[in-house]
Each structure stands twice: as structure tokens, then as C-alpha cells.
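K.L.:
heads up, no residue letters with this:
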């Protein structure tokens, strides 16, 4: 779960769900684990101090949450990477939350509403860096 290798869906239902998402993807994604903070945009007091990013693209990201969020929930986040000294601010809305460990760990998919110039720059640079490493970028 907290390594750099993508995990394959194990059950037929998970495989079917993953196939639906793969068909919808329009951006290449980076499978790297970075640390981020997140909170519900309408309720900043719910800030979760540390969680893990699973993958990111210019269209959105998948990250680990401690609860399932309903679709359309607006989420804001602060991403930390070794590529920028500053925190990169991102926001978007939840597409789906899938349990990995029911009641404890969820994979939440988020679609960006818009990318700030800093976020766009960061993701572009990450694509360039990880494109040379082979197994970190997926169509």
C-alpha cells in the first residue's frame, strides 16, 4: 500500500472498476508516493495533516483518505515534493472513494477543477523526470 509499485486490483469486481477508470483517463499519470495535507473546501477545520498521494496527472489524482467522501465533495490540498521548496496548492472534486480497508483506508479519486500555473509547472516537471525512469508513468 505505501510503496512505489502500483497495486493490481485483486477481485473481478475491482478489476472491472479499474477497467472503467482506465477507459476514461485522458492524461498520463505519475505513480509516485508524495505526502500531502487535505481538507474539505467548505470545512477547512477538517484538515488532515498527512496522507499519501498514489498517482497524479494534469486531470486529477488518487490519494489515501481515512473516510469515504461522497462524489462532488470539494477538496483542497497542499502537496509537498522534493522538486519545489514551496507547497503546491491543488483543489478539485471527488469522483469516487473506494475502500481498501473498510472503515479505515480509502482510495479517493479527485478531478481538478483548474490547475494553478505552479501546479501545472510541477506536474509537467514531474512528467519529464519520471518519464526517464520508465515504470512510474502510465497511460
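P.N.:
Good, I have the coordinates. The model shown is predicted, which means the values in this text are computed figures rather than measured ones. Residues are numbered from 1 along each chain as shown.
K.L.:
which helices and strands sit right next to the longest helix along the chain?
P.N.:
Counting residues, the longest helix in the chain under DSSP state H turns out to be helix 117-131. Judged by 3 or more CB pairs under 8 Å, 6 or more residues apart in numbering; DSSP states H and E, the packing partners of helix 117-131 are strand 29-30, strand 88-101, strand 137-138. Glycine gets a C-beta too; all of them are placed from N, C-alpha and C.
K.L.:
These: which one's closest to residue 129?
P.N.:
With CB to CB, the closest approach to residue 129 among the helices and strands packed on helix 117-131 belongs to strand 29-30: 8.9 Å.
K.L.:
downstream neighbour of that closest one in the secondary structure list?
P.N.:
strand 35-40 (DSSP states H and E).
K.L.:
ok and that next one relative to strand 88-101, angle-wise?
P.N.:
90 degrees (axes from the mean of the first three to the mean of the last three CA atoms, to 10 degrees).
K.L.:
packing partners for strand 35-40?
P.N.:
By 3+ CB pairs under 8 Å, 6+ apart, strand 35-40 packs against strand 43-56, strand 60-65, strand 74-80.
K.L.:
Tabulate these (JSON lines), appending mean neighbour count and distance to residue 109.
P.N.:
Formatted as JSON lines, the helices and strands packed on strand 35-40 follow (neighbours: other CB atoms under 10 Å; distance: least, CB to CB, whole Å):
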{"stretch": "strand 43-56", "mean neighbour count": "15", "distance to residue 109": "9"}
{"stretch": "strand 60-65", "mean neighbour count": "22", "distance to residue 109": "5"}
{"stretch": "strand 74-80", "mean neighbour count": "18", "distance to residue 109": "11"}
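K.L.:
Now distance to residue 28 too, for those, in JSON lines please.
P.N.:
Listed next are the helices and strands packed on strand 35-40 as JSON lines, based on distance: least, CB to CB, whole Å:
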{"stretch": "strand 43-56", "distance to residue 28": "10"}
{"stretch": "strand 60-65", "distance to residue 28": "12"}
{"stretch": "strand 74-80", "distance to residue 28": "18"}
